[in-house]
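Undergrad: Predicted structure and sequence below. I'll ask about it afterward.
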Amino acid sequence: MNNQTLEKLRQMRMLGMYDAFKTSLETSLKENLTQDQFIAHLVNSEWDNRKNRAIERAVKTAAFRYNATLEDVDYTLERGLDRNQVDRLASMSFIHEHKDLFITGPTGTGKSYLVTALGYKACQDGFRVLYASTAKLMSQLKIAKVKGAILTELKRIERIDLLILDDFGMQAFDAASRGILMDIIEDRHQKRSTVMTSQLPVKGWYRRDWRKNNCGCCPG
């Protein structure tokens, strides 16, 4: 009977409960618990297993460049990183409130690591996350536009709870990229959260974009 029960749990993909019940048959766990406690143990095992698998899927979908957690963020380096502010961000209240976040600083200061750690925490909290190099994402979306699939891709991005655009401003935007970026921002404004990292201060983003394109109509 126990073998039949295990097989049914496996076929129903109740893998957490399967492992817990199988372990109980191999140990004296079941004898040390009341019936209610044993049922609670099985249900909790299934709950934890499903939650962990959901986090794994979310992290895989997010496509992070690094493995990073907030617990491993180094605050000993002199880079202007405020631990209290990071702790506030870790509450994910900015995602609940649909606010955006800009992180700027010189190369090598850990911007990408920090946003990845925040993104991983968001996955743990059940949010849908997408991490992307800004330049690479723009290239992919321009290809989608040529193929006639741009609306589908923009809708997919619009549904993401937290969009992370890394290395923003490293390459200048052409007309097509600017239009796509504006569509993304408009779709997500006050509906979803977007995080951008850049080596440039925010006030320099627009000027750099025009200068790199050499349009000749803007100063600098």
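TA: That came in fine, so what should we check first?
Undergrad: from memory residue 169 sits against residue 199, does it?
TA: Yes. Between residue 169 and residue 199 there is a contact at 7.1 Å, judged by Cβ atoms under 8 Å. Quick note: C-beta positions are derived from backbone N, CA and C, even for glycine.
Undergrad: burial measure for residue 156, as a count.
TA: 13 (other Cβ atoms under 10 Å).
Undergrad: For it, give me the pLDDT.
TA: With respect to pLDDT, residue 156 scores 95.
Undergrad: Which helix or strand contains it?
TA: helix 150-158 (DSSP states H and E).
Undergrad: Next, the buried residues of that helix.
TA: 150, 153-154, 157 (16 or more other Cβ atoms under 10 Å).
Undergrad: Which members of the residues you listed are the farthest-apart pair?
TA: Spanning the widest gap among those are 150 and 157, at 10.5 Å by Cβ to Cβ.
Undergrad: what about residue 169 and residue 199, which has more around it?
TA: A direct count of neighbours by other Cβ under 10 Å for residue 169 and residue 199 places residue 169 higher, at 23 against 16.
Undergrad: ok, now how distant is that one from residue 119?
TA: Going from residue 169 to residue 119 by Cβ to Cβ, to the nearest Å gives 20 Å.
Undergrad: can you give me phi and psi for residue 14?
TA: Main-chain torsions, residue 14, degrees, to the nearest 10: phi -90, psi 70.
Undergrad: can you check residue 129 too?
TA: The phi/psi pair for residue 129 (degrees, to the nearest 10) reads phi -130, psi 140.
Undergrad: burial of the closest residue to it other than its chain neighbours, as a residue count?
TA: Excluding the flanking residues, the one nearest residue 129 by Cβ to Cβ, 6 or more residues apart in numbering is residue 62, at 4.1 Å. Counted by other Cβ under 10 Å, the residues lying close to residue 62 total 21.
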